[in-house]
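*Asks:* here is a sequence with its predicted model. Questions after.
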Amino acid sequence: DAGVTQSPTHLIKTRGQQVTLRCSPKSGHDTVSWYQQALGQGPQFIFQYYEEEERQRGNFPDRFSGHQFPNYSSELNVNALLLGDSALYLCASSAQHTTAQRSFFGQGTRLTVV
Amino acid sequence: AQRVTQPEKLLSVFKGAPVELKCNYSYSGSPELFWYVQYSRQRLQLLLRHISRESIKGFTADLNKGETSFHLKKPFAQEEDSAMYYCALSNAGGTSYGKLTFGQGTILTVHP
């Protein structure tokens, strides 16, 4: 089991552009959450997907959107990129119907907006 | 609103010394508390959860609801404990299942 995998690992975009980040959850997991980690900060919750729907959302603007596919993989889309969107984006997966509530994290995608 | 505070950004100790990483939280319901660790060039990984009351790599953490704290402790620090440590909080059950609120992290450095 490769665990949670994210692609790409690094990305450089220009202000105003759009970006798509991808995440494959750990085998057996059906829930995917996305976090933004700015330099020197803890991860901040963006949103969570379960059963192909956004189930809950943090304090992020509508420029941040996502999708979950039938195979549980997920995408994070950010439109109209701002310099302040530069961060490490983490994907975490978990399984809903287990007693052990724990999230497994990917290595992250480092997004730089110039 | 959920909030997690880790008052120390940096913590340095010598090998063999006791270490305590502080974590305070605010949450009106029944929280579930976690410690995550990130070693150099590795992904964020779960260290321990309060409900399992386990000891991992010699670390323990006790939830103190009166003081709203969940401090991480180890009696004898090792050099391999050097890492970034994050305290995190999640609602127990409900629609926020699996959503984590993180503190800002504490960088622990253990000197030889």
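*Replies:* Nice, thanks for sending it over.

*Asks:* tally of neighbours for A:Val19?
*Replies:* Neighbour count of A:Val19, defined by other Cβ atoms under 10 Å in any protein chain shown: 18. The way it works is simple: take the backbone N, C-alpha and C, and place the C-beta from them, glycine included.

*Asks:* likewise the one 5 residues further on?
*Replies:* For A:Ser24, the tally of surrounding residues (other Cβ under 10 Å) stands at 21.

*Asks:* look up how far chain B lies from it.
*Replies:* 14 Å (Cβ to the nearest Cβ, to the nearest Å).

*Asks:* got the contact list for that residue?
*Replies:* Neighbouring residues of A:Ser24 by Cβ atoms under 8 Å, 6 or more residues apart in numbering or on different chains: A:2, A:4-6, A:73.

*Asks:* same question, A:Leu90
*Replies:* Taking Cβ under 8 Å, 6+ apart, one finds A:6, A:34-37, A:43, A:105-106, A:108, B:44 in contact with A:Leu90.

*Asks:* that one: which element?
*Replies:* Element membership of A:Leu90, judged by DSSP states H and E, is strand A:87-94.

*Asks:* so which residue is dead centre in chain A?
*Replies:* Geometric centre of chain A, nearest residue: A:Trp34, 3.1 Å, by Cα atoms, centre = their mean.

*Asks:* next up, phi/psi of B:Asp81, please.
*Replies:* Main-chain dihedrals, B:Asp81, degrees, to the nearest 10: phi -80, psi -10.

*Asks:* could you find the closest non-adjacent residue to it?
*Replies:* The shortest distance from B:Asp81 to any non-neighbouring residue, by Cβ to Cβ, 6 or more residues apart in numbering or on different chains, is to B:Val110 (5.2 Å).

*Asks:* likewise A:Ser93?
*Replies:* Of all residues not flanking A:Ser93 in the chain, A:Pro25 sits nearest, at 3.3 Å (Cβ to Cβ, 6+ apart).

*Asks:* pretty sure that neighbour sits against A:Trp34.
*Replies:* No: counting by Cβ atoms under 8 Å, A:Pro25 stays clear of A:Trp34, with 11.6 Å between them.

*Asks:* strands along chain B, start to end?
*Replies:* For chain B, applying DSSP state E gives strands covering B:3-5, B:10-14, B:19-21, B:24-26, B:31-38, B:45-49, B:60-61, B:72-74, B:83-91, B:101-102, B:106-111.

*Asks:* can you report how many residues neighbour the spatially closest residue to A:Phe105 that is not a sequence neighbour?
*Replies:* Among residues not flanking A:Phe105 along the chain, B:Leu44 sits closest, at 4.2 Å (Cβ to Cβ, 6+ apart). Per other Cβ under 10 Å, the neighbour tally for B:Leu44 reads 26.

*Asks:* pretty sure B:Gln38 is one of the things B:Leu44 touches, is it not?
*Replies:* Yes: shown here, B:Leu44 and B:Gln38 form a contact pair, counting by Cβ under 8 Å, at 4.9 Å.

*Asks:* quick one: pLDDT of the residue in chain A positioned nearest to chain B?
*Replies:* Closest contact between chain A and chain B, by Cβ to the nearest Cβ, is at A:Gly42 (3.4 Å). Model confidence at A:Gly42, given as pLDDT, is 94.

*Asks:* need the phi and psi values for A:Leu83.
*Replies:* Torsion angles, degrees, to the nearest 10, at A:Leu83: phi -60, psi -30.
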